[in-house]
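Asks: fold the stuff below for me.
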Amino acid sequence: MSQAKQRVSVYAPASMGNVSVGFDLLGAALAPVDGEPLGDRVHVEASDGPLSLECVGPYADLLPGNVADNIVLRCARHFLQQQGKPEQGLALTLEKNLPIGSGLGSSASSVVAALAAVNAFFDSPLSPQELLVMMGELEGQISGSVHYDNVAPSYLGGLQLMQQDGARALPGFNAWYWVVAYPGITLSTAKMRALLPTELPLATALRFGQQLASFVDACHRQDEAQALAVLKDVVAEPYRAAHIPGYQAARDKLQALGCPAVGISGSGPTLFAVAGDKTQAEAAARYLQQHYVLNARGLVRICKLDPVGVQVERGAM
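Replies: Next comes the predicted model:
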């Protein structure tokens, strides 16, 4: 590839970690039904100067003021060092389209887009599994621990179950709509994790395992009733719900509207509601826009699962 004449752009979708029933073990990639993107983009091109990064997009002003601290630049630097190219000149641009500290996998989206972009720019020297491991490690620098329930779905798409040797796709339910609402405030993932106990009672651990196993079984058998019956969070939500303004009231109202499952997306403050049809999804979205969104930074999207994950585009300069 003639690097001086090439530009690689990668889009990485937003994701929901945990999905209530699978703390740190289940994640889902999101695609708004209106076709509008919900995820970050990273552009990479060759440069005669040093490694550089420009940040644009609706949430760029919320990024760290010192660009050297930006996770996209750290991803590119780490990749180049691993490939023995520490002095390689690259010009990167981050389109920051996801709010920070939102529970929508914002840092994961940036990490996935950055590493997938530089890997594609150099003709993919890393395998998908090697790249996924690197994504988990770099995203862990932001969230405070290494877990893959955001990076895996953002990279691979769909509904992903984390395993010791990587991630495995689960069959989703095509009829479901996932309504996500971000109120417009930021919650630190590390601080929200600090709310959780270091140990769980045996009864809670058993219930968690039973529910996750039942959900996985229901996905493979396409048993919607069973999947919805166990789509509950017994690990994190009991400790986090009271710390998310308006969440408990919104959950109760959405359930009254008929949404069969409501939960916290990742560590919050974004919530998600499962709707069985578009009419129910639109009613939920209207309520959330009026009563859960607190400012102009907030957003509400009606989504399906994104089956693709990252999207790579190449173009001549």
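Asks: mind listing what's buried along the helix or strand hosting residue 81?
Replies: According to DSSP states H and E, residue 81 maps onto helix 71-82. Residues of helix 71-82 classed as buried under the neighbour-count rule (16 or more other Cβ atoms under 10 Å) are 71-80. Backbone N, C-alpha and C define where each C-beta goes, glycine included.
Asks: and for stretch 84-94?
Replies: Buried residues in stretch 84-94 (16+ other Cβ under 10 Å): 88, 90-94.
Asks: check stretch 120-137 too.
Replies: Buried residues in stretch 120-137 (16+ other Cβ under 10 Å): 120-122, 126, 131-136.
Asks: what's the span of stretch 147-161, first residue to last?
Replies: One end of stretch 147-161 to the other measures 12 Å (Cα to Cα, to the nearest Å).
Asks: tell me how far it lies from the chain's centre.
Replies: The chain centroid and the centroid of stretch 147-161 are separated by 8 Å under Cα atoms, centre = their mean, to the nearest Å.
Asks: distance between the ends of stretch 252-268?
Replies: OK, stretch 252-268 end separation, Cα to Cα: 17 Å.
Asks: any idea how far that stretch is from the chain center?
Replies: On Cα atoms, centre = their mean, the centre of stretch 252-268 falls 18 Å from that of its chain.
Asks: with respect to residue 195, which of the buried residues of helix 71-82 is nearest?
Replies: residue 71 (23.3 Å; Cβ to Cβ).
Asks: so the closest one makes contact with residue 111?
Replies: Yes. At 5.9 Å, residue 71 and residue 111 qualify as touching, with contact defined as Cβ atoms under 8 Å.
Asks: what's the overlap in contacts for the two?
Replies: Residues touching both residue 71 and residue 111 (Cβ atoms under 8 Å, 6 or more residues apart in numbering) are 138-139, 142.
Asks: and those, which is closest to residue 233?
Replies: Out of the shared contacts of residue 71 and residue 111, the member with the shortest distance to residue 233 (by Cβ to Cβ) is residue 139, at 21.1 Å.
Asks: helix, strand, or coil at the closest one?
Replies: Look at residue 139: counting by DSSP: H, G, I helix; E, B strand; the rest coil, its state is helix.
Asks: for residue 290, see how far away it is.
Replies: With distances taken as Cβ to Cβ, to the nearest Å, residue 139 is found 33 Å from residue 290.
Asks: and the contacts of the helix or strand hosting residue 205?
Replies: Per DSSP H and E, residue 205 falls inside helix 202-221. Contact with helix 202-221 is made by 21-23, 25-26, 159, 161, 170-173, 200, 223-224, 226-227, 229-232, 234-235, as judged by Cβ under 8 Å, 6+ apart.
Asks: buried subset of these as a PyMOL selection?
Replies: To isolate the buried members of these in PyMOL, using 16+ other Cβ under 10 Å:
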select buried, resi 21+22+23+25+26+159+161+170+172+173+224+227+230+231+232+234+235
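Asks: just the ones of the contacts of helix 202-221 in strands?
Replies: 26, 159, 161, 170 (DSSP state E).
Asks: the first one touches residue 163, doesn't it?
Replies: This points to residue 26. No. Contact criterion Cβ under 8 Å: residue 26 and residue 163 do not qualify, at 11.2 Å.
Asks: what about the helices in this protein?
Replies: Listed in chain order, the helices found in the chain under DSSP state H are 71-82, 106-121, 128-143, 151-156, 189-194, 202-221, 224-229, 237-240, 247-256, 278-291.
Asks: and the closest residue to residue 11 other than its chain neighbours, how far from residue 31?
Replies: Distances taken as Cβ to Cβ, 6 or more residues apart in numbering place residue 311 nearest to residue 11, at 4.5 Å, with adjacent residues excluded. Applying Cβ to Cβ, the value for residue 311 to residue 31 is 11 Å.
Asks: thank you, goodbye.
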